[in-house]
Structure formats: structure tokens, C-alpha cells
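>>> Quick one: sequence plus predicted model below, questions after.
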Amino acid sequence: MDNSSGVGVLDKAVLVLNALEAGPSSLAQLVQATGLARPTAHRLAVALEHHRLVHRDTQGRFILGPRFAELAVAAGEDRLLAIAQPVLVQLRDLTGESASLFRRQGDARVCVAAAERVSGLRDTIPVGAALPMTAGSAAQILLAWEEPDRLHRGLRGAKFEAATLAAVRRRGWAQSVGEREQGVGSVSAPIRGAGGRVIAAVSVSGPLERLTRSPGRLHAGPVAAAAEKITDGMRRTAA
């Protein structure tokens, strides 16, 4: 079957995006997967990066960019975001802190939905922002249930340890105090998809002046309940 649209540059850009759907790729891996010449693959990947359709992980590899999450929200095609957004608003109103939804993408976690605190000091993470997988309670959640090999790779350079992730798995939520940003704390819990796999993390974050140095004591209950509500919504709509 001929997949050509007749617009050569567009067809080649789609080849790049289709290759990145499988996961992070170096330039050499992109060339191999697409069959494009190295200069062409590089030029297209950089152009797509300019438009935020492609991003780089911490190792400099190409990954799908945050613009896709934004487009999914606008189109209303992402079931998770449609279910999660009202729950994030409820969580923000209940805790008085900014609430966010994160998905892992390569070596980054991307904020795909948010409900910001209306006034006062707040930890603002815009939709589309890519944050490292090496710090923060959402990173802990997105890494804690990974396969052992991937988990141990993810711990390289992280501000938390394997024992931290073991505790996260045991209690079902994570907290961080100044890991990602000094003076900021957060609490996160897992959202699960088919087969119980962790597909996202729901979080609240804010200044330690309000969250204290034990933010889980304040917000673990509401955050875990929000995660369960989103998980249940995913399960119902999939039935």
C-alpha cells in the first residue's frame, strides 16, 4: 500500500513522528527507522522540534513533543484528559493547591493537564512543560512500578533512591520536599490503565510554607482518592 500523500516533505516528517512513537531515538536510530538520509532526518527532526512536535530527552535523544498533548486536549480525543480535568479542579479546590497530571515521555515527565491555584503563592507548571524524571513526587510515581531494569536505569542521577520507590509502592503515593525546586513540595499518586499499568501521575504542589516538610500528611488522602477516581473513570469508559 502506498502511504504517500504526494507532499514529500510532509510524508517524510510523518515517517519521523511514526518512528518516535516507538520511543526515544538518536539521530542514527531515526535514520535507520525511516530510511531517510542523515541530513534530511536531522533537518526534519529539528524543524519539528521548533514546532514542539518533537522534544529532546536528557540524553539528547529525540522524543515526541508536548504539542501533541496540547492538541489532544483541544480536540477532545484524549479520554484520560477528559476524565481527569474536572477531578483536577476538585482536587485543587479541596487542597487549595495547584493540581497537575503528568505522563512519562522518554526521560521526561510532561504536564498534560493542570488546575492552578487561583491566588497567592503557587507552583505553576504550564501544560506542555517537560520536567526531569530524576526529581519530584510525580517522577517517583512514574518510575516506581517500572520493570526492574528500567527502574534501576531511572535511578541514575536521581534525587531519590530505590528505598524511596519501595516505600512509594508500599503506601501507594509519593511526596517530595525541595527535590525539583527549593522551597517547593508535592504529593502524587498513580493513575492506572489496562492491566493495572501506571499510565500517569496526579499531583498537588506548592510552597513548603503551606505544605510543610511532610506534605503527604496533609494531602496524600485527597491525591490518592483523585487518582482512584480517574482510574475508575478510565475503567468505566473502556468497558
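Happy to help now that I have it.

>>> can you list contacts of the strand or helix carrying Arg236?
For Arg236, the enclosing helix or strand under DSSP states H and E is helix 215-238. Helix 215-238 is contacted from outside by 79-80, 83-84, 87-88, 90-91, 94-95, 97, 99, 171-177, 185-194, 200-204, 208, 211-212, using C-beta atoms under 8 Å, 6 or more residues apart in numbering. (Each C-beta comes from the backbone N, C-alpha and C, glycine too.)

>>> Let's see it as CSV, backbone CA atoms only.
C-alpha atoms of helix 215-238 as CSV (Å, rounded to 0.1, in the frame of the first residue of the first chain):
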residue,chain,number,x,y,z
PRO,A,215,3.2,17.2,52.6
GLY,A,216,1.9,13.6,52.5
ARG,A,217,0.3,14.1,55.9
LEU,A,218,-1.8,16.9,54.6
HIS,A,219,-2.6,15.8,51.0
ALA,A,220,-1.9,12.0,50.5
GLY,A,221,-5.6,11.1,51.1
PRO,A,222,-7.2,13.6,48.6
VAL,A,223,-4.5,13.0,46.0
ALA,A,224,-4.8,9.2,46.2
ALA,A,225,-8.6,9.5,46.1
ALA,A,226,-8.4,11.7,43.0
ALA,A,227,-6.1,9.2,41.3
GLU,A,228,-8.5,6.4,42.1
LYS,A,229,-11.4,8.4,40.7
ILE,A,230,-9.6,9.0,37.4
THR,A,231,-8.6,5.3,37.2
ASP,A,232,-12.2,4.3,37.8
GLY,A,233,-13.4,6.6,35.1
MET,A,234,-10.9,5.1,32.7
ARG,A,235,-12.0,1.7,33.5
ARG,A,236,-15.7,2.5,33.1
THR,A,237,-15.3,4.2,29.7
ALA,A,238,-13.2,1.4,28.4
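
>>> can you pull out the helices in this protein?
Using DSSP state H, the helices found in the chain span residues 8-20, 27-34, 38-50, 67-75, 79-95, 137-144, 148-154, 162-171, 208-211, 215-238.

>>> want to throw those into JSON lines with distance to Arg103 and mean pLDDT?
Below are those laid out as JSON lines (distance: least, C-beta to C-beta, whole Å; pLDDT from 0 to 100):
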{"stretch": "helix 8-20", "distance to Arg103": "15", "mean pLDDT": "92"}
{"stretch": "helix 27-34", "distance to Arg103": "22", "mean pLDDT": "94"}
{"stretch": "helix 38-50", "distance to Arg103": "19", "mean pLDDT": "95"}
{"stretch": "helix 67-75", "distance to Arg103": "7", "mean pLDDT": "70"}
{"stretch": "helix 79-95", "distance to Arg103": "8", "mean pLDDT": "93"}
{"stretch": "helix 137-144", "distance to Arg103": "8", "mean pLDDT": "97"}
{"stretch": "helix 148-154", "distance to Arg103": "15", "mean pLDDT": "89"}
{"stretch": "helix 162-171", "distance to Arg103": "17", "mean pLDDT": "96"}
{"stretch": "helix 208-211", "distance to Arg103": "23", "mean pLDDT": "92"}
{"stretch": "helix 215-238", "distance to Arg103": "12", "mean pLDDT": "92"}
